[in-house]
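S.K.: Using only what follows, build the 3D model:
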Amino acid sequence: MNPETKPAPRWDFRAATRQSLRNESLAKALFRATAKFDDGRRALMAALPESDLLREKARQIKDDVLQHLDRYLAQFADSVEKAGGVVHWARTADDANALVASIARERNVKRIVKAKTMVSEETHLNEALEREGFCVMETDLGEYILQVAGDRPSHIVVPAVHRTKEEIAELFNTSFGVSLPPEPAEITKFARARLREEFANADMGITGANFAAADTGTVIQVTNEGNGRLCATWPPVQVVFMGIEKIIPRLEDLPVFLKLLARSATGQPMTVYTNLITGPRREGEGDGPRELHVILIDNGRTAVLSSEYRQTLRCIRCGACLNTCPVYRNVGGHTYGSVYPGPIGSVLSPLYEGRIRFNALPHASSLCGACYQACPMKINIPHMLTAMRAEQAERGDNHVLERLGMRLWALAMRSSLLYRFGGTALRWGMLPLSSEGWVSSLPYPFSGWTKRRDFPLPAKKSFRGSFEE
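M.R.: Numbering: from 1, shown residues only. Next comes the predicted model:
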């Protein structure tokens, strides 16, 4: 964020949650998609020989990269330039957007086709380019749907996961004056026909990078649609828009990550397309861009690199933590108010966009640990969420009732007499509110719990009492 920019107001996660929980269509779409992906991941990872060892190998590779990121970035930049590409460095989101606009202006670009890239959502690239007068077209089907709707992604891998096929058909029928049935094949066929013309007339293609090999300067892009390959080969100018953490040391390390990425993301053994791009078109080659520009984007990553949250930079954006998270599966991505939703977003959003603005997100978790178990890169998300909560307490940014409650709890834990008295008083205080061992309504501030679920009445005899017998 530009330090001169006025800070955005705090995101009201609770209000967004209440709104999402009232949306039955959202609940239906979320459950159908996340359950399918998570079940597929579990089955394929269980069938993968030595999957835990593979995860550990991937973690070690990324940790080595992060420990020596400066060296690997310099090697990657040299390799790209030796292959005929051009490397640009961007410290902030504004710098990155300005570089793309400058490249486009100098080459008299009018129309731009764009493959799915999360970092461009992070920098709000489309809006920046449109302000400069460029026509930018998303070509990933999910992103295209959202662009037509004027909507935002709600999932790292499946951006339109919150929309049902009926909603998408209605959107296209209203927007384009057609009569499509709510059938995925028909919707895809219609979008393909419209996008084909965009590819044919594009002056520039923008793609992201899932990985980038330092030793060869190769950019690796994995997709389930042919749009990424068309963006990278059809237009005369290609721009690769990537965060600096996407580096891997060697091209031979790639299979380790490919075995994990698709299985973790969508429950597939492999994605449909794996594109390896090393430099622009060479003499005698029939396709590929005449110019290749790689923009390496920091935008807060080096600050994270030197912090206790460094391991977040291992993230390969598979979305597995979203698919398994009970919170995300009930409220969806828009509830988080940021580019990165779900468990990993609850850490990344405060780091990249401001701890004060997104102070509620570290609490958007039950700390059940499902995200840690699902993560192919072994990112300990629960540990980092508790660390962020501790930071909030240290700077006094948590709720006054929470601070009071923690002080009372600490006082009780220091005295066995107070602890026993508190347990007895709690049971007797809740007894008049209970029915058959459950309390369905508690006063504020505990009413937030019983609005959605019942609270068990404390046992007649404490664990210590039973143990002493």
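S.K.: What are the boundaries of the helices in the stretch 301-450 of the chain?
M.R.: For the stretch 301-450 of the chain, applying DSSP state H, counting those that start in this stretch gives helices covering 301-305, 320-324, 328-331, 342-353, 370-374, 381-394, 400-413, 416-430, 447-450.
S.K.: what's the most buried one of those helices?
M.R.: Most buried of these, by mean neighbour count (mean count of other CB atoms under 10 Å): helix 320-324, with a mean of 30. Bear in mind the C-beta positions are built from the backbone N, C-alpha and C, glycine included.
S.K.: now that helix, how far from the centre of its chain.
M.R.: 10 Å (CA atoms, centre = their mean, to the nearest Å).
S.K.: Check which helices and strands that helix sits against.
M.R.: Contacts defined by 3 or more CB pairs under 8 Å, 6 or more residues apart in numbering; DSSP states H and E place helix 320-324 against helix 24-47, helix 342-353, helix 370-374.
S.K.: quick revisit: any chance of the helices of the stretch 301-450 of the chain in TSV, plus distance to Ala213?
M.R.: What follows is the helices of the stretch 301-450 of the chain, written out as TSV (distance: least, CB to CB, whole Å):
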stretch	distance to Ala213
helix 301-305	19
helix 320-324	23
helix 328-331	32
helix 342-353	24
helix 370-374	26
helix 381-394	27
helix 400-413	47
helix 416-430	58
helix 447-450	49
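S.K.: May I see those organised as JSON lines, with mean pLDDT and distance to Ser466 added?
M.R.: Below are the helices of the stretch 301-450 of the chain laid out as JSON lines (pLDDT from 0 to 100; distance: least, CB to CB, whole Å):
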{"stretch": "helix 301-305", "mean pLDDT": "96", "distance to Ser466": "47"}
{"stretch": "helix 320-324", "mean pLDDT": "97", "distance to Ser466": "35"}
{"stretch": "helix 328-331", "mean pLDDT": "94", "distance to Ser466": "36"}
{"stretch": "helix 342-353", "mean pLDDT": "96", "distance to Ser466": "36"}
{"stretch": "helix 370-374", "mean pLDDT": "97", "distance to Ser466": "31"}
{"stretch": "helix 381-394", "mean pLDDT": "94", "distance to Ser466": "30"}
{"stretch": "helix 400-413", "mean pLDDT": "85", "distance to Ser466": "20"}
{"stretch": "helix 416-430", "mean pLDDT": "85", "distance to Ser466": "13"}
{"stretch": "helix 447-450", "mean pLDDT": "82", "distance to Ser466": "26"}
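S.K.: any idea how the chain splits into domains?
M.R.: 13-302, 404-468 (automatic domain parsing).
S.K.: What separates the first and last residues of the last one, distance-wise?
M.R.: As for domain 404-468, its first-to-last residue distance stands at 31 Å under the measure CA to CA, to the nearest Å.
S.K.: roughly how far is it from the heart of the chain?
M.R.: How far domain 404-468 lies from its chain's middle: 37 Å, per CA atoms, centre = their mean.
S.K.: Can we start the residue count at 26 from this point?
M.R.: Okay, using 26 as the starting number, the last item reads as domain 429-493.
S.K.: OK, contacts around Thr127?
M.R.: Not quite, residue 127 is Ser, not Thr. For Ser127, no contacting residues are found, by CB atoms under 8 Å, 6 or more residues apart in numbering.
S.K.: Return the distance of it relative to Ile181.
M.R.: According to CB to CB, to the nearest Å, Ser127 stands 29 Å off from Ile181.
S.K.: The residue lying closest to Glu378 once chain neighbours are set aside: how many residues sit nearby?
M.R.: Excluding its sequence neighbours, the residue lying closest to Glu378 (CB to CB, 6 or more residues apart in numbering) is Ser363, at 6.1 Å. The tally of other residues near Ser363 (other CB atoms under 10 Å) stands at 23.
S.K.: cool, Arg339 as well?
M.R.: Other residues close to Arg339 by other CB under 10 Å number 19.
S.K.: is it true that it touches Ile404?
M.R.: Yes - the criterion here is CB atoms under 8 Å, and Arg339 meets it with Ile404 at 5.6 Å.
S.K.: ok, Thr232 touching Val265?
M.R.: Yes - counting by CB under 8 Å, Val265 is a contact partner of Thr232 at 5.7 Å.
S.K.: and for these two, which residues touch both?
M.R.: Val244.
S.K.: Just give the number of residues close to Gln336.
M.R.: Neighbours of Gln336 (other CB under 10 Å): 21.
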